[in-house]
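K.L.:
Sequence and computational prediction follow.
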Amino acid sequence: MSDHQDLKNPRPAVSRRGFVQGAGAVTGAVALMEEEAQAQAAGKVMGPAAMAITLTVNGKPLKVTVEPRETLLDTLRHKLEHTGAKRVCDRGTCGACTVIVNNKVSYACTMLAVDAVGKKIQTIESLTANGKTHPIVPAFHNNDAQQCGYCTPGFVMAAKGFLDRNPNPTYEQVKDGLGGNLCRCGTYVGVRQAVLEAAKKLKA
Amino acid sequence: MANYSWPEMKSRKVIGQRLSRLDGIEKSSGKAKYTSDLMPNGLLHAVLLSSPHAHAIVRSIDTSEAEKMPGVKSVRVVAKAGTEVQWAGAEIAYVAATSEPQARDAARAIKVNYEVLPHFVKEDQITRAGNRAKAAGEQVTGDVDQGFKDAAVTTEGEYAIPVITHCCLEPHGQMIEWKGEQINYYPSTQNVSGIGGDLARSLNVPASQIKVHMDHIGGGFGAKFPSDNWGKECANMSKDAGGAPVRMYLDRAQELTIAGVRPSHFAKIKLGAKADGTLTAWESTSWSTGGFTGGGMAPLPYVFTNMPNKRLNHTAVSINGGGARAWRAPNHPQASFLTCAALEDIAAKLNLDPIEVFSKNVQFTPRAETYIRQLKRAAVMIDWQKNWHPRGKGASGNLKRGLGIGIATWGGLGHASRCLAKINADGTVEVMMGTQDLGTGTRTCISQVVSETLGVPMNMVVVRIGDNSYPASGASGGSTTIGGISASSRKAAAEALDQLLDLVAPQLGVPKDQLQAVDSRIFVKGNPDKAISWKAACQKLGPKSIEATGENNPKQPGGLINQGVGGIQMADVTVDIETGVVRMNKMVAVQDCGLIVNPKLAESQVNGACIMSICAALMEERVMDNVTGRVLNADMEFYKLAGIKDIGEIQVEMEIDEVNDKRGVIGLGEPCAVGGVAAIANAVANAIGVRVPSVPVTPDRVLSALYGNRMERLA
């Protein structure tokens, strides 16, 4: 479309702070400094018109047209048929939208789609892709770590990211590592067991 | 007529097994499609413009600019000029557009001129309520004055439990296509069979035109029964847009502001008791709000309903706030908190162990034996003997540990439900019913019942629910689902089997009542070698299939279902008296129940209910702002829910035994969600030696109870 800017690595006019969570995450202050440095380097103001971008989702390049103000979450859900991540708080609190971006557990509701260009985005859909199932998926099932299930994909992704960093977690570490997700039905008892079971399976 | 009664507990093969939920992998892999996940081609996104004022008259509303904006397909005004809005967040207008950002831009471009009127949003001080307070009249039983004269001690306490919200993670909303005569309606609802008729009434179209479908719901808790005005407007927007599918879900702030609350409850309670703890008199003055229409009285005194000499005064307070909806065990958690707090306060004054005082007074409940048994069992589980101390008499130091008790009751009789069961010639079985699985495990339980009844493995049974073209089943509220669906599916499957037995009985040479179906075989009772395989039996059907219906009528439970349970929960907390922070060590729940179809899923519900109670006891409160009249914490950062670190350990015991089992199936969702708030609040009082009168028991309230309020501390 003629009114779209096609940029390889665009930066938004106003950037939102990247949210990080869990053990091993950088501190907020450091994150902010990195963010400012990136913003200064980019400098180029985008929008408000929609633009064509390419996102790398679960290893596949996907072309999509977005407005610079659209979040990665809304882009995944509304435009790329990846509805596993859920929009719940929409403000980086509840973790229902958790995805893994460049190996970092991230809230997709607090990242702009244009900020995710050039990054490796991993969604819940990747855990059962190509006929292979990541052990965390059946572990949630076995331990009934789900009721209504709306928070579950976010929890599963947070658990996956946590286990990537902590392959031998203790029970206490599981609680801390998953402190960035909220559930309303109250499935935490099962979630704790599920993560410990998955850790065992991953080592086996 | 087939024999419907449940098989003996010890002979069951599928019912009572700890099986994982059928839709578990679908949910944990992100593949489960909620209606909010439906993104068909040509989808329009709609948003709601809501009132910023708590009380105002719309003087004019101008949508002309919004209508011209890019991508906009429909603008619908709800609050026309002259409309008086009674709470912040009230619906003003809807906009549907090609994208959600476009719809939001257009909603912002709607010009509304309000005449702002005075509002009243905080009910905590009844003396300020003026004409917003409506007394319900006095209820007196027995001789209250004599009751207090007979008492060795009396206590007077003030207790408060605030408005909280449902905070469903999937917000209220729907996707709708209104094409020609047919309306395809994909709501997030607890009421698949009934919501189509509800929408039809509001649109003034025949109910037969509305096709409802929903596979999964992201939380309801009592807030998702009606089609709501957003259902109606979403349908109208689809019609405006020539039948394009339109989705409209509330945003988080709207969800927490207008999609339902649990009423508050404030009470001044005077209690009298003999030296042994036996209650002699109750007097309460209470008030509550559930929004603009006021708030009813919780059932006080709770559970100990048969105690003598009661005087009750209740006042409903109307505020300019979003309205109440049923919230898991409506009014029970409030009543349990108020009653159990007063009871533990009088126990403390009498220097008695509260278990003793609860036990002394179970004579005033409808199920004394149950509560005595549960109090004993819960005490063992929480190690009461070792960890309890008289109020405030624990260890020295800043960390104070305490234990507390909460009590519960509920009905839980199965609702009206119809089920269609089909046996196909290839041996597969289909079960159809217009019910819904709220995450309680309804699908799984239907499959277990049918599998048990027909003697076939669960993977031969296809459960079809979530569609109003199937036989109608009740809304999922009040713990009525498991009774309704287990009875109707049991009967439908038994009737279908009966027809199959008619076919095979001649070959096996016995009357059909001497046949049974177990382990994929149909055989002669007492002579298992005289048999035909399930598959061979079904092949006799040829091109036909067997269809049979089953119905649960709650007025004729017929031995399959029952109602009326009790429950005891106990909490173990540690309070830091320097910071006021309350930490959960442990919670235990002993739950009276009938026949449990799936103990694993039942325990999940009770675990979840304990966690919801922790949220309500320590964190949750809708905070209203006097100045703006708005909800101050309509987001998930400041509307606090417990996280995985906040819950301590939880231990659940379902009282599964022959006696309970023989009662039949009884609902579970509500009774386990009642006693926890009382247990935690009482544990805090036991720990720190004084009553924190209001829940949630936040650090500030703990410090205020210990050292006076903040202003006094600063002075």
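P.N.:
Yep, it's here. Treat the numbers as computed from the prediction; the structure is a model and nothing was measured.
K.L.:
what pLDDT does residue 87 get?
P.N.:
Chain wasn't specified; assuming chain A. The model reports A:Arg87 with a pLDDT of 98.
K.L.:
actually it's chain B I care about, not the one you picked
P.N.:
98.
K.L.:
Tell me the strands beside the helix or strand hosting B:His314, with direction?
P.N.:
Using DSSP states H and E, B:His314 maps to strand B:310-317. The strands beside strand B:310-317 in its sheet (DSSP bridges) come out as strand B:133-141 (antiparallel), strand B:279-288 (parallel).
K.L.:
Mind listing what's buried along the last one?
P.N.:
Neighbour-count burial for strand B:279-288, with 16 or more other C-beta atoms under 10 Å in any protein chain shown as criterion, is recorded at B:279-288. C-beta: built from backbone N, CA, C; applies to glycine.
K.L.:
Equivalent analysis for the shortest one, please.
P.N.:
Of the residues in strand B:133-141, those scored as buried under the neighbour-count criterion (16+ other C-beta under 10 Å) are B:Ala133.
K.L.:
for the next helix-or-strand element following that strand, packing partners?
P.N.:
Proceeding N to C from strand B:133-141, the next assigned helix or strand is helix B:144-149, under DSSP H and E. Counting contacts by 3 or more C-beta pairs under 8 Å, 6 or more residues apart in numbering or on different chains; DSSP states H and E, helix B:144-149 is packed against strand B:265-273, strand B:279-288.
K.L.:
Just give the nearest non-adjacent residue to A:Pro68, would you?
P.N.:
Of all residues not flanking A:Pro68 in the chain, A:Gly47 sits nearest, at 3.6 Å (C-beta to C-beta, 6 or more residues apart in numbering or on different chains).
K.L.:
My error: substitute B:Leu501 in the last question.
P.N.:
Using C-beta to C-beta, 6+ apart, the nearest residue to B:Leu501 is B:Lys512, at 3.9 Å.
K.L.:
how far away is B:Tyr94 from B:Met248?
P.N.:
7 Å (C-beta to C-beta, to the nearest Å).
K.L.:
Return every residue with contacts to both of the two.
P.N.:
B:46-48, B:230, B:233-234, B:237 (C-beta atoms under 8 Å, 6 or more residues apart in numbering or on different chains).
K.L.:
Model confidence for A:Gly18, exactly?
P.N.:
38.
K.L.:
after the longest helix along chain B comes which helix or strand?
P.N.:
Secondary structure assigned by DSSP state H gives helix B:481-508 as the longest helix of chain B. Next helix or strand after helix B:481-508 toward the C-terminus (DSSP H and E): strand B:515-518.
K.L.:
Let me know the helix or strand that B:Glu123 is in.
P.N.:
Using DSSP H and E, B:Glu123 falls outside every helix and strand.
K.L.:
Residue in chain A with the shortest distance to chain B?
P.N.:
Closest approach of chain A to chain B (C-beta to the nearest C-beta) occurs at A:Gly84, with a separation of 2.4 Å.
K.L.:
Return the residues in contact with that residue.
P.N.:
Here A:Gly84 is in contact with A:123-125, A:153, B:29-31 (criterion: C-beta under 8 Å, 6+ apart).
K.L.:
Ignoring the adjacent residues along the chain, who's closest to it?
P.N.:
Nearest to A:Gly84 is B:Gly30, by C-beta to C-beta, 6+ apart, at 2.4 Å.
K.L.:
measure the one you found to A:Cys151 for me?
P.N.:
11 Å.
K.L.:
likewise B:Leu375?
P.N.:
Counting by C-beta to C-beta - B:Leu375 and A:Cys151 are separated by 34 Å.
K.L.:
ok, the two, which is more surrounded?
P.N.:
With neighbours defined as other C-beta atoms under 10 Å in any protein chain shown, B:Leu375 and A:Cys151 compare such that A:Cys151 has more, 30 against 21.
K.L.:
Distance check, that one against A:Val88.
P.N.:
From A:Cys151 to A:Val88 the distance is 7 Å (C-beta to C-beta).
K.L.:
what touches both of these two?
P.N.:
Taking C-beta under 8 Å, 6+ apart as the criterion, A:Cys151 and A:Val88 both touch A:94, A:96, A:182, B:169.
K.L.:
Was I right to think the first one contacts A:Gly179?
P.N.:
No. The pair A:Cys94 and A:Gly179 does not pass the contact test of C-beta atoms under 8 Å, sitting 11.7 Å apart.
K.L.:
The one residue sitting closest to the centre of chain A bridge partners, please.
P.N.:
Central residue check for chain A by C-alpha atoms, centre = their mean: the C-alpha nearest the mean position is that of A:Val99, 1.7 Å away. Per DSSP bridges, residues listed as beta-bridge partners of A:Val99: A:Ser106.
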